[in-house]
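1. can't give you the sequence, but here's the structure:
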């Protein structure tokens, strides 16, 4: 199998703009000044920045050429585990661009932005219905910010109870940002190992939970793509000692409208609208990380709160127990419009079906690939599955090598070396938007790479071959970073 | 990645579950990470070490080691006061890869309880723990 599936053909070379520029070339000509010159204060003057002189076509071609080097979910399969890189329908971009939403000024009085406030109010209720929780704040700007907001709510709860606590339990299958979010609230993370089945065992929680522990931060489904089957029992142990259960909902794509978070004992959960609810991500934002809480924690939610009074909406800030503002204005409103549009266009049945297909696709890949790749936990998975490079170790071929080789076959590599509990992890999340044909193409590529690892390991170790640049020297880049152009 | 039988595990060192080694010196003990650990981590690009004078208990984190794959915590194989750190690693973290028991050492500690040193594994026990 030597014919790559997706990267032959024209790869356009492109120099830096500085190399393209020629003195005096320009993209637009200003008319001669018809007013007398008025010199600036000399203190404000100096040599201008070193910008190249370019024509319009120089600039357009430059950026168009660069864009052909990109690979995104609109280009092809993007199985980056733990990231939910699903295809986002374009209609939601369209709704977010509607002038009434996109051009609304955040300082408009409530009477002039009723539609925007109504959307926030209704989206809060939709997210509560999807998760089974009671109240929602859309303020947090992204996932880790939502984690922080959630932990601040837990901190405020314990403060209000009259006894602040010192620790927080975090399993080794939690998302990596969890310990940092808890530490920012002054809690010391206590690590707990998952059991032999890849999920938490109640006895392990029982052993560390005490009245100095604020609660547990659990990612469910966890980063092994496994559902925490003992979550109710674990929640009961934490609650019995006065602790609270924080759920990291970054993996909600596996369980939309299927798991009632309140019923399994969750007190606070954050969601990533930019993963699960139709905002493209991976480019640095903006995201949105709402938190959903049980009724007794609602007083602590960030202000302002959108309140419905008759058929009018307004903002309220007078909530004495609130943790305060988490950001300016209403949060990332454009992302909320896309989430609202997605939820309303899918409907309850559609969302549930999307999660079912995400889980089905992951299990399909798991079964198709487990002959060739070592499966860390051979049991039904949720939205993602985790392999390792153990079967390739005798040929000295690593996870990194195989990830690089996948690019030659025209696929974005999966997440690698995470979660840390699996040595040499290859974490694949196909999402619901991939067809069986696309999944089969990926399986063909992965199997071909497994075969290459056995028969021509050097091909894999020297990959990628067909990309714009070959393998990068990550070691030198990290040890001796060059931070100027 | 090395096979178990390719590992360099000196006889005169003690080893911890988390793959740190300890070399008893006259008044202190020197600590680093084993050949197995450096080989599993891959190319090390950054090492963060504690301040001299810090008191750390057995099992407490004394620093982190960052490879191109991941950031990993370093744990005290024994409790004690940090008396020296290997300043060279700031400029040359690759020493942990090339010479894990020599120039790639990390910290020296004044051991609080010698019994904790005795409780560490010898070469044979560590090799067994690695499955070799």
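-> Good, I have the coordinates. Remember, predicted model here, so these are calculated numbers, not experimental data. Residues are numbered from 1 along each chain as shown, chains lettered A, B, ... in the order given.

2. now the helices for chain B?
-> Using DSSP state H, the helices of chain B run over B:35-41, B:88-91, B:95-98, B:114-118, B:123-129.

3. if I look at the residue nearest to residue A:195 when sequence neighbours are not counted, how far off is residue A:231?
-> Leaving aside its chain neighbours, residue A:195 sits nearest to residue A:201 (4.0 Å; criterion: CB to CB, 6 or more residues apart in numbering or on different chains). Quick note: C-beta positions are derived from backbone N, CA and C, even for glycine. As judged by CB to CB, to the nearest Å, residue A:201 and residue A:231 stand 12 Å apart.

4. Which one's more surrounded, the two?
-> Between residue A:201 and residue A:231, counting by other CB atoms under 10 Å in any protein chain shown, residue A:231 is the more crowded of the two (22 against 17).

5. Please look at the more buried one and residue A:220 and confirm they touch.
-> Yes: between residue A:231 and residue A:220 there is a contact under CB atoms under 8 Å: 6.0 Å.

6. Which neighbours do those two have in common?
-> Counting by CB atoms under 8 Å, 6 or more residues apart in numbering or on different chains, the common neighbours of residue A:231 and residue A:220 are residue A:264.

7. who are the neighbours in contact with the residue nearest to residue A:195?
-> Counting by CB under 8 Å, 6+ apart, residue A:201 makes contact with A:194, A:195, A:230.

8. picking that back up, who wins for proximity to chain A among the helices of chain B?
-> Among the helices of chain B, the nearest to chain A by CB to the nearest CB is helix B:35-41 (7.3 Å).

9. Now for the residue lying closest to residue A:149 once chain neighbours are set aside, how many residues are close by?
-> Computed as CB to CB, 6+ apart, the closest residue to residue A:149 that is not its neighbour in sequence is residue A:140, at 4.6 Å. As a burial measure, residue A:140 scores 27 neighbours (other CB under 10 Å).

10. what does residue A:90 give?
-> Residues near residue A:90, counting by other CB under 10 Å, number 9.

11. what do you get for residue A:251?
-> Counted with other CB under 10 Å, residue A:251 comes out at 26.

12. Please apply the same query to residue A:164.
-> When neighbours are defined as other CB under 10 Å, residue A:164 has 15 of them.

13. what sits against it?
-> Residues in contact with residue A:164, defined by CB under 8 Å, 6+ apart, are A:155, A:158.

14. re the thing from before, how much space separates the residue nearest to residue A:149 from chain B?
-> Distance, residue A:140 to chain B, by CB to the nearest CB, to the nearest Å: 25 Å.

15. Correct me if wrong: that residue contacts residue A:327.
-> Yes: at 7.2 Å, residue A:140 counts as touching residue A:327 under the criterion of CB under 8 Å.

16. Tally up the residues packed near the residue of chain B at minimum distance from chain A, please.
-> Residue of chain B nearest chain A, by CB to the nearest CB: residue B:45 (3.6 Å). If you count neighbours by other CB under 10 Å, residue B:45 ends up with 22.

17. Then residue A:259?
-> 22.

18. what's near enough to touch the closest residue to chain B within the stretch 251-400 of chain A?
-> With CB to the nearest CB, the shortest gap between the stretch 251-400 of chain A and chain B falls at residue A:393, namely 6.2 Å. With contact set as CB under 8 Å, 6+ apart, residue A:393 has these partners: A:424, B:1.

19. now do residue B:56
-> B:50, B:62, B:76, B:79, B:80, B:81, B:82, B:109.

20. Report the two of the residues you listed separated the most.
-> Using CB to CB, these span at most 13.0 Å, a distance reached by B:50 and B:79.

21. Return the per-residue confidence for the residue of chain B closest to chain A.
-> Note for residue B:45: predicted pLDDT of 94.

22. pretty sure it contacts residue A:476?
-> No: applying CB under 8 Å as the test, residue B:45 and residue A:476 come out as separate, 9.0 Å apart.

23. got any residues that touch both of these two?
-> In terms of CB under 8 Å, 6+ apart, residue B:45 and residue A:476 are not both contacted by any residue.

24. before we move on, back to that, checking the residue nearest to residue A:149 next. Helix, strand or coil?
-> Classification of residue A:140 by DSSP: H, G, I helix; E, B strand; the rest coil places it in coil.
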